[in-house]
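Asker: what's the 3D shape of this:
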Amino acid sequence: MKRENVLPAGLGIVGMFLLAGSISAWAQAASSAASSTQSDAMAAAIQELQQQVRELRQAVAEVRSEAAQYRAETAELRQELQAIHAQAGPPGAAAPNPYVEAAPESVAVTQPPRPASQNSVEQRVASLEESLGLLNSKVDDQYQTKVESASKYRVRLSGIVLMNLFSDRGQTDNQDIPSYVIGPNQGNGDFGATLRQSEIGLEVFGPTVAGAKISGNLQADFAGGFANTWNGVNSGIFRLRIADMRMDWGHTAIVVGQDDLFISPLSPTSFATLAVPAFNYAGNLWAWTPQVRVEHRFDVSDSQSISIQGGILDNLTGQFPANSYFRSPSAGEASGQPAFAVRTAWTNNFFGHPLTLGAAGYYGRQDWGVDHYVDAWAGMTDWEIPVASRLTLSGEFYRGRGVGGIGGGISNSVVYNGMPGNTYTQLRGLDSRGGWSQLKLKANPKLEFNAGFGLDNPNAAETRFGAASEPYVGPLFTKNLSGLANFVYRPRSNLLFSTEFRHLQSFPINGTSLSAQQVNMVMGVLF
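Answerer: Just a heads-up that it's a prediction; the model follows:
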């Protein structure tokens with residue numbers, strides 16, 4: 001019996017050893033896998049640090065090379081300066097004159113004229129001293145830290161700190177930057193101040209790739225709304241305006257990013273309305289829209305040129321976002337295709353200033369749901385004409401349909417005869433026309449005067465057709481008129497003062513005309 005029990009007990013002991021060995025091996029494998037993962041991460045981090053160190057060493061080597069070159073040039077100039085001083089003799093010493101020794105004491109002795117060679121030597125000495133001072137200042141500039149970039153390419157910071165003091169008479173859609181009138185005068189009006197139109201800009205000058213100079217531009221302000229807190233009107237929200245990249249091949253360029261509406265390049269001069277262009281929704285088409293465009297300029301002669309621009313744009317319709325965080329397609333984007341635009345312009349010199357005449361076109365398809373489609377289009381023309389050496393006339397005119405997304409039709413692209421979204425509601429693309437013009441007098445480099453007016457005039461029959469939709473889409477206007485007069489004074493290149501008077505007049509579809517005025521004083525510091 002004892003011999004029968006020995007074998008199973010031995011097998012149990014062997015099994016226990018095997019199980020312990022397998023557990024130990026599994027633990028060692030897991031430990032080795034974890035250590036392998038840690039070592040891979042550590043190797044990647046070390047490799048990244050090594051790459052950064054190499055880049056820093058390369059940058060330091062470039063700075064040292066430039067400094068050594070400047071020191072060598074400085075030493076050469078000093079040696080040349082010392083040699084010239086040695087040839088000219090000690091300063092203030094006069095050359096010996098044999099006639100003085102031979103002349104009697106009673107005879108007045110006059111010095112002969114200085115040789116031309118001595119004058120040229122002194123001129124060369126003065127020129128070398130000036131060059132030496134300039135070179136030393138450049139060497140000192142190399143050690144100044146201004147705007148630092150994470151890359152080796154040049155970066156330029158710019159912007160404006162802008163303070164607006166304003167007073168309104170009449171009810172407008174926006175107190176500090178009004179676009180149209182919504183009600184008559186009440187009480188004594190209002191008075192306020194804002195700095196939310198201050199801007200920040202950043203330009204980046206990158207490398208040359210395939211013969212193209214690459215550059216980038218970023219502009220932002222604080223006019224993106226108001227913080228939901230006490231006195232939030234003084235805490236403007238940061239807002240993106242322009243963010244684009246350019247590739248320039250001389251007369252040809254490609255622009256990618258969010259930029260100005262290139263088919264409407266001009267805008268009236270008004271520092272009181274930097275958050276939006278002056279005469280917005282009063283004949284001035286504008287938008288900061290994502291786009292891809294190509295530009296080319298043909299030189300007809302030394303003073304004449306023709307430019308052509310064409311591209312695709314985000315198909316904007318002027319709708320408010322459906323959500324503050326999540327993006328839903330607008331009617332233009334729901335069509336499944338971008339908007340298309342093209343512009344051409346002719347430029348010639350006149351009175352020493354460029355005379356420019358341009359023409360442009362725009363098209364975009366819109367899908368407003370429930371089988372409602374609109375073909376949006378617009379034709380534009382613009383001009384900048386030097387009337388005299390200091391007097392310039394500029395402006396734009398447009399005619400289009402469904403262009404509320406780019407500032408036409410007083411921001412409305414379509415009109416309904418009932419509740420939007422209803423299958424039985426009829427929809428029409430709003431037909432509108434408008435434009436603006438400005439006269440600029442530049443009295444001197446520091447002072448200029450401007451006066452202009454703008455008008456947007458939607459089709460009256462179509463706006464009355466949409467009267468039943470006002471409870472859903474807001475007020476409709478048959479006309480919006482705006483005018484301004486201002487002067488801009490720049491006592492220094494980085495300072496400006498301006499006073500502006502604005503008149504706004506709107507014509508609702510049901511009611512008499514409404515008017516408002518705004519007086520605006522502006523103080524700005526550019527950097």
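Asker: A helix includes A59, no?
Answerer: Yes. Remark: A59 belongs to a helix, assigned using DSSP: H, G, I helix; E, B strand; the rest coil.
Asker: check the gap between it and L202 for me.
Answerer: To L202, A59 is 21 Å away according to C-beta to C-beta, to the nearest Å. From N, CA and C alone the C-beta is placed, and that goes for glycine too.
Asker: which of the two has more residues huddled nearby?
Answerer: It is L202, of A59 and L202, that has more neighbours when counted by other C-beta atoms under 10 Å, with 17 against 12.
Asker: how about the more buried one: what's its closest non-neighbour residue?
Answerer: L218 (4.4 Å; C-beta to C-beta, 6 or more residues apart in numbering).
Asker: in the sheet, who's paired with that neighbour?
Answerer: Residues in a beta bridge with L218, per DSSP bridges, are L202, A243.
Asker: what pLDDT does the model give it?
Answerer: Listed pLDDT for L218 reads 97.
Asker: W346: neighbouring residues, count only.
Answerer: The number of residues near W346, taken as other C-beta under 10 Å, comes to 15.
Asker: how about the helices of the stretch 351-500 of the chain, start to end?
Answerer: Here the stretch 351-500 of the chain has its helices, by DSSP state H, counting those that start in this stretch, at 460-465, 470-473.
Asker: among the ones you listed, which is the most enclosed?
Answerer: Among the helices of the stretch 351-500 of the chain, helix 460-465 has the highest mean neighbour count (mean count of other C-beta atoms under 10 Å), at a mean of 17.
Asker: kindly provide the whole-number mean pLDDT of that helix.
Answerer: 93.
Asker: please apply the same query to stretch 278-295.
Answerer: 97.
Asker: would you mind writing the CA trace of it as CSV?
Answerer: C-alpha atoms of stretch 278-295 as CSV (Å, rounded to 0.1, in the frame of the first residue of the first chain):
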residue,chain,number,x,y,z
ALA,A,278,-18.0,101.0,-42.0
PHE,A,279,-21.3,100.8,-44.0
ASN,A,280,-21.8,97.1,-43.2
TYR,A,281,-25.3,96.2,-44.2
ALA,A,282,-25.5,99.6,-45.9
GLY,A,283,-24.0,98.7,-49.3
ASN,A,284,-20.5,97.4,-48.2
LEU,A,285,-20.1,93.7,-48.9
TRP,A,286,-17.7,92.1,-46.5
ALA,A,287,-16.9,88.8,-44.7
TRP,A,288,-14.0,87.0,-43.1
THR,A,289,-14.4,83.6,-44.7
PRO,A,290,-12.3,80.5,-45.2
GLN,A,291,-11.1,80.4,-48.8
VAL,A,292,-8.5,79.2,-51.3
ARG,A,293,-7.7,81.7,-54.0
VAL,A,294,-5.1,82.3,-56.8
GLU,A,295,-3.8,85.7,-57.8
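Asker: tell me the buried residues in it?
Answerer: 278-289, 291, 293, 295 (16 or more other C-beta atoms under 10 Å).
Asker: now swap in stretch 312-329 and tell me
Answerer: 313-319.
Asker: other residues contacting that stretch?
Answerer: 261, 287, 289-293, 330-333, 335, 337-341, 364-366, 376, 402, 404-406, 411-413 (C-beta atoms under 8 Å, 6 or more residues apart in numbering).
Asker: same check on stretch 48-61?
Answerer: K152.
Asker: with stretch 218-238 instead?
Answerer: 177, 194-204, 239-243, 274-276.
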